[in-house]
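# need a 3D model of the following:
(one chain, ligands or ions: 2)
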Amino acid sequence: MNGINGAPLLRTTGLSKSFGAVTVLEDAGVELRAGEIHAFLGENGAGKSTLAKLIAGIYRPSAGQIERNGRPVTIHNPREATELGIALIPQEPRTFPDLSAAENIFVGRLPMRSGLVDWKSLYGRAEELLHELGVALDPRQPARSLSVADRQMLELAGALSLNAEILLLDETTASLTPGEVSRLEVILRRLSAAGKSIVFIGHRMEEIFSLCDRATILRDGKIVGERMISETSPEDLLRLMVGREIGEKVVRGSVPTGKPLLEVKGLSQPPLFHDISFSIRRGEIVGLAGLVGAGRTEIACALFGLSQPTAGTILVDGKPAEIRSPRDAMGYGMALAPEDRQKQGAFLPISLWENASLSSLPRLSRRGWLKDSVSRTLTTEWVKRLSVRCREIEQPLHELSGGNQQKVVLAKWLETQPKILLLDEPTRGIDVHAKTEVHRLICELADAGMATLLISSDLPEILALSDRILVLRSGRIVREFDRSEATPEAVIAAAGVSTGLPDKPRSMVA
Ligand SMILES: Nc1ncnc2c1ncn2[C@@H]1O[C@H](COP(=O)(O)OP(=O)(O)OP(=O)(O)O)[C@@H](O)[C@H]1O
Ligand SMILES: [Mg+2]
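Ligands and ions are numbered 1, 2, ... in the order given. Next up is the predicted model:
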C-alpha cells in the first residue's frame with residue numbers, strides 16, 4: 001500500500017552521516033510504506049539508530065535526501081519531523097523524572113484553558129492513551145519511579161497522541177517480557193492495519209518473524225540487503241547481519257552443588273515484595289523471571305543496599321550481612337549490573353576506559369591515583385572480548401551505540417571481580433553475536449565459583465543460563481523450577497500473563 005500519488009510515505013536516498021572524520025552511515029536508501037512494519041536489523045553499532053534519528057530529525061544528514069509522500073523535505077529538528085507526521089520512540093527514553101507520566105506524554109504541548117494547564121483534560125487524555133496501550137499506570141505518578149519499559153510506553157503514548165503516520169520504534173521491546181511484547185505487537189498490527197508505517201528496530205529474531213513484513217539489513221553503516229520476511233529465514237538474516245557464521249549457542253554444563261554463598265530469608269519491603277527466601281550456591285546461576293513490575297529489579301536493588309527492606313535477613317557465606325549501602329554490598333563482594341544505563345552515569349562525558357574502571361577504583365588505584373595504564377590495558381581486553389565497537393578507548397561513552405554502551409557497563413561491574421553478581425537485563429540491546437559472548441562469559445564466571453542472580457525478560461536467555469529459575473508474581477516467589485523441568489510455557493504460565501495486564505496498577509507499588 002502506498003501514500004499519496006503512489007509514492008511510499010517516506011523514502012531516503014544516499015543518506016549518509018559522519019561524525020568528524022568517521023562515517024557511521026553511508027548511502028542509505030530505504031522506503032517506508034503505509035501499512036507495513038519494516039525492521040531495521042544489524043549488529044550493535046551497525047547504524048540502525050542513526051538511520052532512525054536522521055528520519056526523525058534528531059540528526060542532520062551529511063549527505064543524501066529524504067522524500068515525504070514523494071516530495072523532498074529537509075528535517076531540521078524533531079519538531080519539524082512531528083509536523084511531517086514522524087515520531088521516534090528512542091532507545092533511551094527522554095523522560096523528565098520530576099514530571100508526572102501524563103506531563104511526559106504531553107511535554108511541550110500541555111492542554112491549556114484560560115492560560116492555565118487544564119489538568120483534568122491532561123490526566124483524562126493520558127489515561128485514555130495508556131489504557132489503549134494496555135499499560136496499567138497512574139498518569140499522576142512521577143516518571144522518576146518508572147522502569148525503562150514504562151518510560152518507553154510514555155513515548156509511544158506521546159507518538160499516538162500526535163497521530164503520527166510514521167512511527168519508528170528503537171528497541172522498544174528490549175526490556176519487555178513476552179506477554180508485554182505480545183500486547184505491543186497487537187497494538188502495532190492495529191496501527192499498521194490503519195495505514196501507518198512502522199519501523200521496528202530489535203535484536204530478537206522471534207519478534208521480527210512474528211511481527212514484521214520487510215527487513216532492511218545494515219552492516220558497518222551500509223545497507224547490505226532487503227528482504228520480505230515471508231521469503232527469508234533467521235539464518236539468512238543473521239548471515240547478512242554479521243557477514244560470517246555465528247558461533248554455537250552456549251549450553252550450560254553440570255549443576256553446581258557447592259555451599260550457599262548468598263542466602264536470603266524472608267526479605268520484605270511492602271508493597272514491592274514480600275517474604276522472599278532463596279539461596280544461590282557457589283557457581284550457581286539463579287534466574288529470576290516475572291513480568292515487568294513484578295518486583296525483580298526491586299529485589300536486586302534491596303540486596304545491593306540501594307533500598308532498605310523492612311524485614312528479613314541476608315547471609316553471605318553463612319554469616320549475616322549488614323547491607324545499608326552499595327558500598328557495604330561491595331564490601332561483601334557483590335556487584336549489581338543495572339538495567340538502566342542512564343541512571344548509572346554511562347552518559348557522563350568521560351572516556352570509555354574511565355567508565356569501565358569507575359567501580360574498581362580501590363583495586364586499580366595506588367595512593368589515591370588511578371593506575372591508568374593498567375585500566376587502559378584491562379579496558380582494551382574487555383573491548384576485544386565483548387567486541388565493543390568503538391574508535392578508541394579514549395572516546396566518550398555516550399558516543400557509542402546503545403548495545404555497545406551496555407557492554408561497557410557490564411565490563412565495569414565484571415571488572416570488580418565480584419563473588420556475587422546481580423545481573424539486571426544484562427543483554428538488553430546487545431546483538432546476537434555479542435550476546436553469545438556475554439552468555440559464555442557469565443557461564444565461565446559461574447564455573448569459576450561466582451554466584452549469579454540473573455534477571456532477564458529474555459526467556460530463552462533465562463532458560464539457557466539458569467540452573468534454577470524463581471518466578472516472581474506481584475512481589476512474591478510463586479514457583480521454583482529446576483533446569484530440567486523449566487519450559488517456556490511453564491515459566492510464562494507461572495508468571496501469569498493471561499490477562500495481558502500487570503496484576504495491579506503500578507502506582508500502588510512504586
Ligand atoms: N555522537 C556520536 N559521535 C561519534 N560516533 C557516534 C555518535 N553516535 C553514534 N556514533 C557511532 O555510530 C555508529 C552507529 O551507531 P548506532 O547507534 O546507529 O548503532 P545501532 O545500529 O543503533 O547499534 P545498537 O544495536 O547497539 O543500538 C556506532 O559505531 C557509534 O559509535
Ligand atoms: Mg541503536
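# who in the stretch 1-150 of the chain is up against ligand 1?
On the criterion Cβ under 6 Å from any ligand atom, ligand 1 has as its neighbours in the stretch 1-150 of the chain the residues Phe19, Val24, Gly42, Asn44, Gly45, Ala46, Gly47, Lys48, Ser49, Thr50, Gln91. Using the backbone N, CA and C atoms, a C-beta is placed for each residue, glycine as well.
# my read: the last one touches Ser49, true?
The reference is to Gln91. Yes. Counting by Cβ atoms under 8 Å, a contact exists between Gln91 and Ser49, whose distance comes to 5.7 Å.
# with neighbour numbers in mind, choose between those two.
In this view Gln91 and Ser49 are compared by other Cβ atoms under 10 Å, and Ser49 has more residues nearby, 27 against 24.
# is it true that that one lies in a helix?
Yes. Residue assignment for Ser49, taken from DSSP: H, G, I helix; E, B strand; the rest coil, places it within a helix.
# in the stretch 101-250 of the chain, where is pLDDT below threshold?
Residue ranges of the stretch 101-250 of the chain with pLDDT under 70: 244-249.
# in it, which residue sits nearest ligand 2?
The minimum distance from the stretch 101-250 of the chain to ligand 2, using Cβ to the ion, falls at Asp170 (5.8 Å).
# list the contacts of the closest residue to Val73 other than its chain neighbours.
Closest residue to Val73 apart from its sequence neighbours, by Cβ to Cβ, 6 or more residues apart in numbering: Ile66 at 5.7 Å. Contact criterion Cβ atoms under 8 Å, 6 or more residues apart in numbering gives Leu10, Arg11, Thr12, Leu15, Leu54, Ile55, Pro72, Val73, Thr74, Ile75 as the residues in contact with Ile66.
# neighbours of the nearest residue to the last one once chain neighbours are set aside, how many?
Right, the one you point to is Ile75. Spatial nearest neighbour of Ile75, excluding adjacent residues (Cβ to Cβ, 6+ apart): Gly57 at 3.8 Å. When neighbours are counted by other Cβ under 10 Å, Gly57 registers 22.
# please apply the same query to the one 3 residues further on.
Burial of Arg60 is recorded as 12 neighbouring residues (other Cβ under 10 Å).
# which one of the contacts of Ile66 sits closest to Pro396?
Nearest to Pro396 among the contacts of Ile66 is Leu54, at 21.1 Å by Cβ to Cβ.
# could you report the neighbour count for that closest one?
24.
# show me what the helix or strand hosting it is packed up against.
Applying DSSP states H and E as the criterion places Leu54 in helix 48-55. Helices and strands touching helix 48-55, as assessed by 3 or more Cβ pairs under 8 Å, 6 or more residues apart in numbering; DSSP states H and E, comprise strand 10-19, strand 22-28, strand 37-41, strand 86-89, strand 166-170, strand 197-201.
# can you pull the alpha-carbon coordinates of it into PDB?
Taking C-alpha atoms only, helix 48-55 is exported to PDB below (Å, rounded to 0.1, in the frame of the first residue of the first chain):
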ATOM      1  CA  LYS A  48      20.200   1.400  12.900                       C
ATOM      2  CA  SER A  49      19.600   4.200  15.400                       C
ATOM      3  CA  THR A  50      21.500   6.600  13.300                       C
ATOM      4  CA  LEU A  51      19.200   6.000  10.300                       C
ATOM      5  CA  ALA A  52      16.100   6.300  12.500                       C
ATOM      6  CA  LYS A  53      17.400   9.500  14.000                       C
ATOM      7  CA  LEU A  54      18.100  11.000  10.600                       C
ATOM      8  CA  ILE A  55      14.500  10.300   9.600                       C
END
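# ok, and does that helix reach over to ligand 2?
Yes. Where contact is defined by Cβ under 5 Å from the ion, part of helix 48-55 touches ligand 2, namely Ser49.
# now the chain, which segments are flagged as low pLDDT?
For the chain, residues meeting the criterion pLDDT under 70 lie at 1-6, 244-249, 341-349, 358-371, 497-510.
# got the residues of it near ligand 1?
Where the chain comes near ligand 1, counting by Cβ under 6 Å from any ligand atom, the residues are 19, 24, 42, 44-50, 91, 389, 399-404, 429, 431.
# show me which of those residues are buried.
Using 16 or more other Cβ atoms under 10 Å as the burial test, the residues of the chain next to ligand 1 include 24, 42, 44-50, 91, 389, 400-404, 429, 431 as buried.
# if I look at the closest residue to the residue of the stretch 101-250 of the chain closest to ligand 2 other than its chain neighbours, how far off is Leu10?
Distances taken as Cβ to Cβ, 6+ apart place Gln91 nearest to Asp170, at 4.2 Å, with adjacent residues excluded. Distance of Gln91 to Leu10, given as Cβ to Cβ, to the nearest Å: 20 Å.
# where do the domain boundaries of this structure fall?
Listed by automatic domain parsing, the domain ranges of the chain are 4-95+146-242, 247-333+418-510.
# can you name the residues that contact Arg144?
Taking Cβ under 8 Å, 6+ apart as the contact definition, Arg144 lies against Pro97, Asp98.
# and it, that one's in a helix?
Yes. Counting by three-state DSSP, Arg144 is part of a helix.
# which one of the residues in this protein is closest to ligand 2?
Closest approach between the chain and ligand 2, counting by Cβ to the ion: Ser49, at 3.1 Å.
# residues touching that residue, list them.
By Cβ under 8 Å, 6+ apart, the contact set of Ser49 is Pro90, Gln91, Asp170, Ile201, Ser401, Gly402.
# I'd say the last one and Gly429 touch.
What it means is Gly402. Yes. Using Cβ under 8 Å, Gly402 makes contact with Gly429 at a distance of 4.8 Å.
# okay, and the common contacts of those two?
Overlap of the contact sets of Gly402 and Gly429 (by Cβ under 8 Å, 6+ apart) consists of Asn44, Gln91, Glu171.
# now for the residue lying closest to the last one once chain neighbours are set aside: which residues touch it?
I take that to be Glu171. Spatial nearest neighbour of Glu171, excluding adjacent residues (Cβ to Cβ, 6+ apart): Gln91 at 4.8 Å. If you count contacts by Cβ under 8 Å, 6+ apart, Gln91 has them with Ser49, Asp170, Glu171, Ala174, Ile201, Gly402, Gly429.
# identify, from those, the entry nearest to Gly108.
Ranked by distance to Gly108 (Cβ to Cβ), the contacts of Gln91 are led by Asp170 at 20.2 Å.
# surely the residue nearest to Glu171 is within a helix?
No. Using three-state DSSP, the secondary structure at Gln91 is coil, not a helix.
# that one and Ala56, how far apart?
Gln91 sits at a distance of 12 Å from Ala56 (criterion: Cβ to Cβ).
# and Arg219, by the same measure?
Computed with Cβ to Cβ, the distance linking Arg219 and Ala56 is 22 Å.
# who's more crowded, the two?
A direct count of neighbours by other Cβ under 10 Å for Arg219 and Ala56 places Ala56 higher, at 26 against 17.
# now the more buried one: phi and psi?
Dihedral angles phi and psi of Ala56 (degrees, to the nearest 10) take the values phi -90, psi 10.
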